[in-house]
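Participant: this is a predicted model, with the sequence first.
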Amino acid sequence: MAMDSGVFTIAELVALGWPPTEIRRAQRAQRLISIGRGWVRTDAAHPDVVSAVMAGGALSCVGALSFHKQHRWPKIWIPSGYSDTHVRRSKHMKTTARPTGPFHWCQGYGRPLPVTAAVDSVAVAVGCAARCVTGEEWIAIVDSILNSTEITIPDLQADMGRVTQTVSRLFARCDARSQSGTESIARLRLISAGFSVEVQPSISRHEHADLAVGALLIECDGKLYHSDEASYRNDRRRDRMTLIDRWMTMRLTYDDVLYDWAGVLEDIRSVTRQDRHRIRRTDDPRRKHASPS
């Protein structure tokens, strides 16, 4: 991933097969520009990565996760509101310039891990994010990683450094079935409110909804959701299908979940208070009550 960022160490170049004479020739020709002891960049280098290395560390936390989202795993969920350059500082690196722009210094739990690349791995970035973002946001990030990449919880735990009891409890609340950050946060908030929540309930032989509280289906749209005509028609077809099968459907937007949760929760409770959400179909084995007392 360092080559993707355009920032790398001399040792990385050598490991990639660059002869030392070619590296020196590229430096003299300004095709490789020194930005710190043992670090160089290309003209096309990612500016946030350059800034992080020049500040004396590696791009980490939500910054590194955003980088991985852009270059390899587009479905990793990134919470909004973290626009600063997040840097995991190395005690062994000397800065070459005064940091410019808004910076946020990050560090995971336990002893500092060495900085060996310009962009932290997903696991190390997740470890740093545990001390930067909210618990809900962190779980939503990890849900998206589990759902959209080949990375598992043991993979993350093996490489992220110290796993504290707090982080272990957060891992225990993660669910790889969640397909969007909005869905993850809605699930967590419903459970916190006392509801029994089913994730990705089957509504036909080949289709699933996002969440279910009894017979109330909850569909969550992501921040960048834009329904084209085909998707719009399919959503309405699904709504008709589930209504015929005695489901109710409530559709929530990103803004509904993130910024108007009190209103959403009141709407859900207005349904559950009337006992309309309880499953009554004789052909459905799921009969557990879903609303809090």
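Facilitator: Arrived safely. Numbering: from 1, shown residues only.
Participant: please count neighbours and contacts with C-alpha atoms only from this point.
Facilitator: Noted.
Participant: what are the phi and psi values at Gly263?
Facilitator: phi -70, psi -40 (degrees, to the nearest 10).
Participant: again with the one 10 residues further on
Facilitator: In this entry, Arg273 is assigned phi and psi values of phi -60, psi -30 (degrees, to the nearest 10).
Participant: what of Asp43?
Facilitator: Main-chain torsions, Asp43, degrees, to the nearest 10: phi -70, psi -30.
Participant: any idea how far it is from Gln27?
Facilitator: Per Cα to Cα, to the nearest Å, Asp43 is found 12 Å from Gln27.
Participant: common neighbours of those two, please.
Facilitator: Taking Cα atoms under 8 Å, 6 or more residues apart in numbering as the contact criterion, the common neighbours of Asp43 and Gln27 are Ile33.
Participant: measure Val50 to Leu59 for me?
Facilitator: Distance, Val50 to Leu59, by Cα to Cα: 9 Å.
Participant: look at those two and report which has more neighbours.
Facilitator: Shown here are Val50 and Leu59; by other Cα atoms under 10 Å, Leu59 has more neighbours (32 against 24).
Participant: please name the residues that touch that one.
Facilitator: Each residue near Leu59 by Cα under 8 Å, 6+ apart is listed here: Asp48, Val49, Ala52, Val53, Thr85, His86, Val87, Arg88, Ala118, Val119, Asp120.
Participant: 6 Å instead?
Facilitator: Neighbouring residues of Leu59 by Cα atoms under 6 Å, 6 or more residues apart in numbering: Val49, Ala52, His86, Val87, Val119.
Participant: please name the bridge partners of it.
Facilitator: Beta-bridge partners recorded for Leu59 (DSSP bridges): Val87, Val119.
Participant: and it, how close does it get to Ala212?
Facilitator: 38 Å.
Participant: same question, Gly161
Facilitator: For Gly161, the distance to Ala212 (Cα to Cα) stands at 36 Å.
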